[in-house]
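Undergrad: next come a sequence and a model predicted from it.
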Amino acid sequence: MAEAGVVNRVVPDEQVFTEALAFARRVAQGPTRAHAVHKALLRTWEVGGTAAADQVLFDLSMPLFETDDVRRGLASAIAAYKAGQPRPVPTFDGH
């Protein structure tokens, strides 16, 4: 499966639980709401094409800009830009 590109990683049986748990924790700490919007947009595009995806883009994505996660992320990115610093790695609470 790895050689065919179906999976990107193979681990021994005794490491599966540990690796799966670590992966789940990484995903849970990320932008889960943004991932959900991205997946919905891709599904819309797959079924209805570019025109359909364009039609739902703002309805799907704009609610993200009302979240604390985006407000914090944008504020920290702007502050870093103004200070000439690299953009910090954001934290996500799912709110």
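TA: That came in fine, so what should we check first?

Undergrad: from here on, contacts and neighbour counts on C-alpha atoms
TA: Fine.

Undergrad: SS state for the residue most central in space within the chain?
TA: Per C-alpha atoms, centre = their mean, the C-alpha nearest to the average position across the chain is that of His35, at 3.7 Å. At His35 the chain is in helix, as set by DSSP: H, G, I helix; E, B strand; the rest coil.

Undergrad: mind checking how far Gln15 is from Ala22?
TA: Gln15 sits 11 Å away from Ala22, going by C-alpha to C-alpha, to the nearest Å.

Undergrad: would you map the strands across the protein?
TA: Counting by DSSP state E, the chain has no strands at all.

Undergrad: helices of that one, start to end?
TA: Secondary structure of the chain by DSSP state H: the helices cover 16-28, 32-61, 68-82.

Undergrad: Throw the ones you listed into JSON lines and include distance to Pro90, thanks.
TA: Converted to JSON lines, the helices of the chain look like this (distance: least, C-alpha to C-alpha, whole Å):
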{"stretch": "helix 16-28", "distance to Pro90": "13"}
{"stretch": "helix 32-61", "distance to Pro90": "13"}
{"stretch": "helix 68-82", "distance to Pro90": "6"}
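
Undergrad: reformat those as JSON lines; add distance to Met1 and mean pLDDT.
TA: Compiled in JSON lines, these are given as follows (distance: least, C-alpha to C-alpha, whole Å; pLDDT from 0 to 100):
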{"stretch": "helix 16-28", "distance to Met1": "16", "mean pLDDT": "91"}
{"stretch": "helix 32-61", "distance to Met1": "23", "mean pLDDT": "95"}
{"stretch": "helix 68-82", "distance to Met1": "36", "mean pLDDT": "94"}
